[in-house]
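sequence first, predicted coordinates after that:
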Amino acid sequence: MKTATIHELKEELLRTPTVDLAALCLRLAKYKKENKELLTYLLFEAHNEQGYVQSVKNEVDKLFAEMNQSNLYYAKKTLRKILRIINKHIRYTSSSQSTVDLLIHFCNTLKESGIPIQKNTVIANLYKSQVQKIQKELKGLHEDLQYDYAKQVAGLEL
């Protein structure tokens, strides 16, 4: 079976009746957890972006609180898990401001966690790559927001 292009899918969806569209969405959400999460975001959370970002921050704080810091190996695994979750939510929002906000929160929380970032090369590189992502996303924001976030990013440097 050949997969249709996005353009072909869009054209077909525009021709599909509303009732059938609802059935297709429900069927799509039924098979993948990520599809269900995206549909939940679009239907219930997209109108309140700040509330959504705050709920993701709370989830990140909870995961940092549960992190096993006795061994850096387990800390690295947990940090990667947290970043996977953050990146998933960033894909859902597709907003540069939310991306910058979530990544700054991650970096600040990592610095405050007490994990020796400089002692472990992998954690240091992970941290630096997130700071680079933030700086890259900042370029797409409005000048006023860039100025506000630039102050926070300056505090992230190791």
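Okay, I see it. Treat the numbers as computed from the prediction; the structure is a model and nothing was measured. Numbers count the residues shown, from 1 in each chain.

for the closest residue to residue 68 other than its chain neighbours, give its distance to residue 155.
Once flanking residues are discounted, residue 68 sits nearest to residue 74: 4.2 Å by CB to CB, 6 or more residues apart in numbering. To be clear about C-beta, it is placed using only N, CA and C from the backbone, and glycine gets the same treatment. For residue 74, the distance to residue 155 (CB to CB, to the nearest Å) stands at 27 Å.

ok, residue 139 next?
Taken as CB to CB, the span from residue 139 to residue 155 is 19 Å.

just residue 19 next, same as before
Going from residue 19 to residue 155 by CB to CB gives 52 Å.

tell me the secondary structure for the nearest residue to residue 12 once chain neighbours are set aside?
Nearest residue to residue 12, sequence neighbours excluded (CB to CB, 6+ apart): residue 4, at 7.5 Å. The three-state assignment at residue 4 reads coil, by DSSP: H, G, I helix; E, B strand; the rest coil.

quick one, grab the pLDDT at residue 4.
With respect to pLDDT, residue 4 scores 86.
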